[in-house]
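Q: the following comprises the amino acid sequence and a computationally predicted model.
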Amino acid sequence: MTLDRRLMAEWLGTFSLLATVVGSGIMAERLAGGNVAVALLGNTIPTGAILVVLITVFGPISGAHFNPAVTLCFTLRREIDRRDAALYVVVQVIGGICGVLAAHFMFEHPLIDPSMKARTGAGQWAGEFVATFGLVGTILACLKARPAAVPMAVGLYITAAYWFTSSTSFANPAVTIARGFSDTFAGIAPADVGAFIGVQLVSAFLATYFFRWLLDETGEKGD
């Protein structure tokens, strides 16, 4: 597949993911009547569902990363070169921000509205570490054991991680950056974005090599 098509798939996929995350968050908050648990459920289900759709649709084109942490993983595994990986990350971030703007427009929310929602502290960072480590592990283990199951496995993992992690499982630097532009249920204060991204990237790095060992891929890679 040509690079321009792969980049468009990454842009459109990340756009669609963020439009869903933020749009469903706005809708859920409006309909939940102040019940945060119901609002979170209303945000969780669409996010998991759209991931299944997007990975199924765009996986054959670009690999369906939609996530700089996942792109880092495959760069470390030498399955994508560094130049292409850098371009993937750029379009993922741009696509995510555009998805937020689209959600704001649909729900008649101010287009640019930096979040005021604090998400910081050791517990939140630990949640992001766990969420990202598990996401990378889910992808790598499924690719080895049952590649066709990746879309469903990732969607189900994120659905679960919304609830079992303290951070509600961003697990994605592009998502984290984009959600900083949204003062809605799904938002994160811009001041807290950097720490989340740092933890996500460290977690993805460690998970890549841990699962390489766990899945006994060292010999297969020839290193």
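A: All right, it came through fine. Not measured: the values here are computed from a predicted model.

Q: need the contact list for the most centrally placed residue in the chain.
A: Within the chain, one residue has its C-alpha closest to the average C-alpha position: by Cα atoms, centre = their mean, that is residue 172, at 3.8 Å. Contact analysis of residue 172 by Cβ atoms under 8 Å, 6 or more residues apart in numbering lists 66, 67, 68, 69, 70, 132, 200. Just so you know, the C-beta spots here come from the backbone N, C-alpha and C atoms, and that holds for glycine as well.

Q: weed out the non-buried ones from the residues you listed.
A: With neighbours counted using 16 or more other Cβ atoms under 10 Å, the contacts of residue 172 contain these buried positions: 66, 67, 68, 69, 70, 132, 200.

Q: so can I have TSV of the residues you listed showing distance to residue 85?
A: Putting the buried ones among the contacts of residue 172 into TSV (distance: Cβ to Cβ, whole Å) gives the following:
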residue	distance to residue 85
66	13
67	12
68	9
69	12
70	10
132	17
200	16
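
Q: avg pLDDT for the helix or strand where residue 209 lies?
A: Using DSSP states H and E, the element containing residue 209 is helix 190-214. Mean pLDDT, taken over the full extent of helix 190-214, equals 98.

Q: any idea how far apart the tips of stretch 177-196 sit?
A: Counting by Cα to Cα, to the nearest Å, the length from the leading to the trailing residue of stretch 177-196 is 9 Å.

Q: quick one: it to chain centroid distance?
A: Distance of stretch 177-196 from its chain centroid, counting by Cα atoms, centre = their mean, to the nearest Å, is 13 Å.

Q: residue 124 touches residue 166, doesn't it?
A: Yes. Look at residue 124 against residue 166 with Cβ atoms under 8 Å: they come within range, at 5.6 Å.

Q: out of these two, which sits in the more crowded spot?
A: The neighbour comparison of residue 124 against residue 166 (other Cβ atoms under 10 Å) goes to residue 124, with 21 against 16.

Q: quick one: secondary structure of the more buried one?
A: helix (DSSP: H, G, I helix; E, B strand; the rest coil).

Q: tell me the pLDDT at it?
A: For residue 124, the pLDDT comes out at 97.

Q: list the residues that contact it.
A: Neighbouring residues of residue 124 by Cβ under 8 Å, 6+ apart: 166, 167, 192, 196.

Q: I am finished for the moment; much appreciated.
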